[in-house]
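> Provided below for reference: sequence and predicted model.
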Amino acid sequence: MTNVTQQRVLHTEIPGPRSLELQQRKVAAVSAGVGTGLPVYVERAGGGILVDVDGNQLIDFGSGIAVTTVGNAAPRVVERVQQQVADFTHTCFMVTPYEEYLDVCDALNELTPGDHEKRSALFNSGAEAVENAVKVARHVTGRQAVVAFDHGYHGRTNLTMALTAKNMPYKHKFGPFAGEVYRAPMSYPFRWPGGPADCAKESFDVFVQQVHTQVGEENLAAVILEPIQGEGGFIVPAPGFVRQVADWCREHGILFIADEVQTGFCRTGDWFASEHEGVVPDLITTAKGMAGGLPLAGVTGRADIMDAIHGGGLGGTYGGNPVACAAALGAIETMRSENLCGRAREVEALFLPRLRALAERFPQIGDIRGRGAMLAIELVRGAGDLTPNAELTAAVNRECHAQGLVTLTCGTYGNVFRFLPPLASSDELLSEGLDVFEAAFAKAVG
Ligand code: PLZ
């Protein structure tokens, strides 16, 4: 295990000279289509710190987009992976299976919401999990239509591009997209025409009305929803919305798919964000935080649904690779023994007062939202002018990067600044990161 001191240390400008050299090689070797938000090349990492090739130590407020929840190179993940990679690297579960795959499925079946009988299947990425959840839903219901939401993000493969709402950069000129995908308005309290209170009253009715008239319940295989939307802007739906949608689906024989790829595995202060909503999804997709940095994804669902697929209907060469499964077992063990769900709530308690204090000073902070260690602020022009302020968001982000804080933005309008720290980060490290962020914000406002 790499022993990385949990401190920010800056030796050079960010990015440093060695990173700049590597970035030149990147331009020559890597497709321009693959972007890099902060071209600092990482050499080592541990806990909540990334060490770059110039010896700088950066505080990580992004977890590689909500992946290293247990911390980077977490001890139990490293141990299990090292053991597994030495034992065997691959057989293909569809050819000659192994126990680690079963252990991960048992954990998924146990930890996901609901105590009904469940089955799981493993894949490589969040997008692949979503594709498979939709395949299962269509097969089982004998219906084709799928409804996703405004601001939703579900991946970059053909079907998941169709499910994803935002054109740039995800979909632009990459069509034609998969058919029978429909979009419904999202319960977005901050931008609901009449404000948050009207959103709670109206958003479910608008959803039902639109899906009823434009799709028809009996054509609908599934509704897919992120219980807190991730890439679309950390949008927390109005209280009760997720539950109402899930109940309505049940009434009409439509499967409710919770995409918990970003929200799952302690990130929001519960094992899954659906729990907070009191919702038991028919199918749930997982990835990211589950395997502490190795590529692994899952679809978990009611046993009757998951077992209705013909043998051989689900799979893939690498799905549930033994090394990725070992990593997941190490990550899940860490989450349990270190009570990382509780830790996510502590992170929320540490961040929120400081974000609120900052919002008192700066009217450009229009909204503060999220749960656990999945928090965000939405930036606007000023008090009473909710025009998205993508320029300020980008400026704050640049300034954080220059000061050695790895931060991420998101949102349909590019005006949401999000916080996704590893849950292994100490209070001291998080507080220092917040100091850097606050100073960066003040400087960017000017
Ligand atoms: N569903 C809810 O958040 C991935 C994507 C970043 P993959 N989000 C980060 C980018 O620009 O590609 C995501 C998600 C939700 C599905 C996915 C897709 O997961 O593992 O990236 O395929």
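Yep, that arrived. Numbering: from 1, shown residues only.

> where do the helices sit along the stretch 1-150 of the chain?
Secondary structure of the stretch 1-150 of the chain by DSSP state H, counting those that start in this stretch: the helices cover 17-29, 63-66, 75-87, 99-111, 126-141.

> out of these, nearest to the ligand?
Closest approach to the ligand among the helices of the stretch 1-150 of the chain (Cβ to the nearest ligand atom): helix 126-141, 2.2 Å. The way it works is simple: take the backbone N, C-alpha and C, and place the C-beta from them, glycine included.

> just give me how far that closest one sits from the chain centre.
Distance, stretch centre to chain centre, for helix 126-141: 18 Å (Cα atoms, centre = their mean, to the nearest Å).

> report the rounded mean pLDDT for it.
Averaging pLDDT along helix 126-141 gives 98.

> same check on stretch 373-392?
Average pLDDT, stretch 373-392: 97.

> now do stretch 58-78
On average, stretch 58-78 scores 98.

> kindly export it (C-alpha atoms) in CSV.
What follows is stretch 58-78, C-alpha atoms only, in CSV (Å, rounded to 0.1, in the frame of the first residue of the first chain):
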residue,chain,number,x,y,z
LEU,A,58,-3.5,17.6,-4.1
ILE,A,59,-6.7,17.3,-1.9
ASP,A,60,-9.3,15.2,-3.7
PHE,A,61,-12.8,16.5,-3.6
GLY,A,62,-14.0,14.4,-6.6
SER,A,63,-13.1,10.8,-5.8
GLY,A,64,-12.6,10.2,-9.5
ILE,A,65,-16.2,11.0,-10.0
ALA,A,66,-17.7,9.3,-6.9
VAL,A,67,-15.6,6.2,-7.2
THR,A,68,-13.0,6.1,-4.4
THR,A,69,-15.5,6.4,-1.6
VAL,A,70,-13.4,4.2,0.6
GLY,A,71,-10.3,6.3,-0.2
ASN,A,72,-7.8,5.8,-2.9
ALA,A,73,-5.8,2.6,-2.7
ALA,A,74,-7.8,1.7,0.4
PRO,A,75,-5.9,-1.0,2.5
ARG,A,76,-8.5,-3.7,2.3
VAL,A,77,-9.0,-3.2,-1.4
VAL,A,78,-5.3,-3.3,-2.1
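
> quick one: it near the ligand?
Yes - applying Cβ under 6 Å from any ligand atom, one finds that stretch 58-78 is in contact with the ligand at Ile65.

> most tightly packed of the helices of the stretch 1-150 of the chain?
Highest mean neighbour count among the helices of the stretch 1-150 of the chain (mean count of other Cβ atoms under 10 Å): helix 126-141, with a mean of 24.

> pull the residues that contact that helix.
Residues from elsewhere that reach helix 126-141 (Cβ atoms under 8 Å, 6 or more residues apart in numbering): 121, 123, 144, 146, 154-157, 159-160, 163, 221-222, 224, 253-255, 257, 259, 261-262, 282-283, 285-288, 297-299, 301, 305-306, 308-309, 313-314, 316, 319.
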